[in-house]
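In: below: sequence and its predicted model.
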Amino acid sequence: MARSSGTLTAAATVPATGHGDPAPSTYAAFFGRWVGTWLALPFPLGLLLLWAASSHFGWVAPQVLPSPQAVLSTFIELAQSGELWDNLWISLLRVLAGFGVGVAGGLLLGVAMGLSPLFKDYVYPFFKALSQVPVLGWLPLLMLLVGIDEALKIILIAKAALVPIAVNTYKGIENVPTRYVEVARVLQFSRWQLLWRVVFPAALPPVWNGVRYGFTHAWLALVVVELLASSEGLGYMIVFGRQLFQLDVVIAAVAVVGVVGYLGDQLLARIEVILLGWRRSGF
Amino acid sequence: MMPYFSKTRVDRDRHPVPPFLRGWVLPVVLVLLWWLAAHLHWSDSPLLVPPGKVWDTALQQVASGELVRALAASLRRDLIGLVIGVSAGLMFGIAFGLSRLFEKMIGPTFHTLKQISLFAWIPLLSVWFGLGDAAKVAFLSLAAFFPVVLNTFEGIRSVPGELIEAARVLKLTRRQWLTKLVLPAAAPSILAGIHLALVYAWLATLGAEYLLVSGQGIGNTMIDGRELFLMDLVIFGVIVVGLVGFALNWLAARIERRLLAWRGRSVAQF
């Protein structure tokens, strides 16, 4: 489920590659989208109504499920007092630092394994074995080694991002079609040109896929590590609210976690369109 | 691999260590360093336990039955959560795949909920289901649910149109159409989803044990080890967790191969 935002609607959003005149279908497409939007509304609205009704008529205790109004007012309160933004900022800094380290390390490792079979022979099996241990498996060990400070969070987030990026980079480079390389040879490219003009661009789609997976994993790791060992950040807000049975705080923070994760993935998707824009001209 | 790195290729063949041993060099060197560091007392930290101590702990954990008890508790939950999550995921995925109306009505809500980082559910689930096994199983089911839905949906939607037309010509009943055509054609994607579910559920098993500390399990063993500063126990736990992850992966890959074996045959007939 990692990198699959918008999969359900993928078929509808994939840009048409043909050069045909899109005019006849535009009206239908617009109408279809309009109907689609309306169709999407009843279910969540129904849920919301059910939620509101259950708290309004006291079907469930407010400690178990606070009313939507309570969640909304708590959210506004947290936003106005700045508490939300402070915690969000801390979480963002952590994820950026960890993700940055993970991207750098993953790309280096992946490129090295992709370009040098010898390096791959020595490192890949061990890397593969270590990556069998999920991020959370390392947590107690790292807690003993580096304590529960920032270092723990950065290392864990970096590890979470590094594995998919390194694997995808390595596989991406290894799978560059041989015929591209042959063309480059015919054109007498230097080794440097070969790397920057042929190998890296051809490997970019899987590499970027890895980066997006990496971000999803990094965000997941951030939430876990903040839930487990932190005194600030979005995850801490969730834990704190849970301990005081203030579920309105929990739900508000969970919603922010969801929105930020989504926006992060969307940002990477936009960058992907820019980075891979050149590909369309070929067809 | 790529022919342009001919120099590297020669290096690779001429290198002193034979290829099948190369993967062992790094771990062996690291363990040796670890052993040396502990043996020569490079550090006074109680965290620097010698490899031998980890081995002793491992033997003791196995002999006393502690390991079996903890693993059985973890895997039992893992399995129950998987069964619930995968079956619910299959039902939703098939419904999404077959009915555009259902997709349009429920899809956006599903996508919104999917955005929530998995572990953020735990505090909510712990309020709704308590701190015991019920909350853990609910969380595991959720972890398994999402990848199965997405992959089942994608598998069904990418069934080639020609197959659907062929079904129309053959006048298959609705039931035959689903079980003989759509589901087999979507099987690779569905199985990939179940494989992912297996990976996520194992991660979630650990997370649930860390965050909902009551009860037994391999995650609890590790957390206890950390609290008591028993580095040997924690390292042993990391190794066990890795081995289980590996075993689950291997099992999933095997099942996938077996269930998809018919594809190879059917192509060979032509």
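Out: Structure received.
In: wait, what's in contact with the residue in chain A positioned nearest to chain B?
Out: Proximity of chain A to chain B (C-beta to the nearest C-beta) peaks at residue A:125, 3.0 Å away. To be clear about C-beta, it is placed using only N, CA and C from the backbone, and glycine gets the same treatment. Going by C-beta atoms under 8 Å, 6 or more residues apart in numbering or on different chains, residue A:125 touches B:22, B:23, B:24.
In: measure it to residue B:250 for me?
Out: From residue A:125 across to residue B:250, the span is 15 Å (C-beta to C-beta, to the nearest Å).
In: repeat that for residue B:175.
Out: Using C-beta to C-beta, residue B:175 is found at 35 Å from residue B:250.
In: check residue B:88 too.
Out: Per C-beta to C-beta, residue B:88 is found 26 Å from residue B:250.
In: just the helices in the chain please.
Out: Here I'm looking at chain A. Under the criterion DSSP state H, chain A carries helices at the ranges A:10-13, A:23-40, A:42-56, A:68-81, A:83-115, A:117-131, A:135-146, A:150-174, A:178-186, A:191-193, A:200-228, A:234-243, A:247-275.
In: sorry, I should have been clearer: chain B.
Out: Taking DSSP H to define them, one finds helices in chain B at B:6-14, B:19-39, B:51-63, B:66-98, B:100-114, B:121-129, B:133-157, B:161-170, B:174-176, B:183-211, B:218-227, B:231-259, B:261-268.
In: identify whichever of those helices lies nearest to chain A.
Out: Among these, helix B:19-39 comes nearest to chain A, with 3.0 Å by C-beta to the nearest C-beta.
In: what mean pLDDT does the closest one have?
Out: Averaging pLDDT along helix B:19-39 yields 88.
In: any buried residues in that helix, and which?
Out: B:22, B:23, B:26, B:34, B:38 (16 or more other C-beta atoms under 10 Å in any protein chain shown).
In: and for stretch B:129-141?
Out: For stretch B:129-141, the buried set under the neighbour-count rule, 16+ other C-beta under 10 Å, comprises B:129, B:133, B:135, B:136, B:137, B:138, B:139, B:140, B:141.
In: now do the contacts for the second one.
Out: Under the criterion of C-beta under 8 Å, 6+ apart, the contact list for residue B:133 reads B:77, B:215.
In: show me the contacts for residue B:177.
Out: residue B:167.
In: returning to that earlier point: mind giving me TSV with the helices of chain A and columns for mean pLDDT?
Out: Converted to TSV, the helices of chain A look like this (pLDDT from 0 to 100):
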stretch	mean pLDDT
helix A:10-13	35
helix A:23-40	61
helix A:42-56	88
helix A:68-81	92
helix A:83-115	95
helix A:117-131	90
helix A:135-146	91
helix A:150-174	94
helix A:178-186	87
helix A:191-193	88
helix A:200-228	92
helix A:234-243	91
helix A:247-275	90
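In: closest to residue B:244 out of those helices?
Out: helix A:135-146 (9.3 Å; C-beta to C-beta).
In: so what does the closest one touch, helix or strand wise?
Out: helix A:150-174, helix A:200-228, helix B:183-211, helix B:218-227, helix B:231-259 (3 or more C-beta pairs under 8 Å, 6 or more residues apart in numbering or on different chains; DSSP states H and E).
In: middle-most residue in chain B, spatially?
Out: By C-alpha atoms, centre = their mean, the mean C-alpha position of chain B lies nearest to residue B:199, the distance being 1.2 Å.
In: quick check, pLDDT for that one.
Out: Value for residue B:199, per-residue pLDDT: 90.
In: so it touches residue B:246, yeah?
Out: No: contact criterion C-beta atoms under 8 Å: residue B:199 and residue B:246 do not qualify, at 11.1 Å.
In: same drill for residue B:88 and residue B:250, tell me which one is more crowded.
Out: In this view residue B:88 and residue B:250 are compared by other C-beta atoms under 10 Å in any protein chain shown, and residue B:88 has more residues nearby, 16 against 11.
In: show me what contacts that one?
Out: Shown in contact with residue B:88 (C-beta under 8 Å, 6+ apart): B:141, B:145.
In: low pLDDT regions in chain B?
Out: Flagging of chain B using pLDDT under 70 yields the residue ranges B:1-14, B:264-270.
In: which one is residue B:53 nearest to, not counting chain neighbours?
Out: With C-beta to C-beta, 6 or more residues apart in numbering or on different chains as the criterion, residue B:53 has its nearest non-adjacent residue at 4.7 Å, and that residue is residue B:232.
In: what's the neighbour count on the residue nearest to residue A:42 when sequence neighbours are not counted?
Out: Distances taken as C-beta to C-beta, 6+ apart place residue B:105 nearest to residue A:42, at 6.7 Å, with adjacent residues excluded. By other C-beta under 10 Å, the residues close to residue B:105 number 18.
In: with residue A:106 instead?
Out: Applying other C-beta under 10 Å, we find 27 residues neighbouring residue A:106.
In: ok, now which ones touch the closest residue to it other than its chain neighbours?
Out: In this structure, residue A:106 finds its nearest non-sequential neighbour in residue A:165, 2.9 Å apart by C-beta to C-beta, 6+ apart. Contact analysis of residue A:165 by C-beta under 8 Å, 6+ apart lists A:102, A:103, A:106, A:107, A:110, A:207, A:210, A:211, A:213, A:214.
In: also residue A:109?
Out: Taking C-beta under 8 Å, 6+ apart as the criterion, residue A:109 is in contact with A:123, A:127, A:162, A:166, A:169, A:170.
In: distance to residue B:183 and neighbour count for the residues you listed - can I get that in JSON lines?
Out: Below are the contacts of residue A:109 laid out as JSON lines (distance: C-beta to C-beta, whole Å; neighbours: other C-beta atoms under 10 Å in any protein chain shown):
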{"residue": "A:123", "distance to residue B:183": "41", "neighbour count": "20"}
{"residue": "A:127", "distance to residue B:183": "36", "neighbour count": "20"}
{"residue": "A:162", "distance to residue B:183": "37", "neighbour count": "28"}
{"residue": "A:166", "distance to residue B:183": "35", "neighbour count": "27"}
{"residue": "A:169", "distance to residue B:183": "35", "neighbour count": "29"}
{"residue": "A:170", "distance to residue B:183": "34", "neighbour count": "26"}
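In: of the residues you listed, list those near chain B.
Out: Among the contacts of residue A:109, proximity to chain B is found for residue A:123 (C-beta under 8 Å from any C-beta of the partner chain).
In: and of the contacts of residue A:109, the nearest to residue A:140?
Out: Minimum distance to residue A:140 across the contacts of residue A:109 is 19.5 Å, recorded for residue A:162 (C-beta to C-beta).
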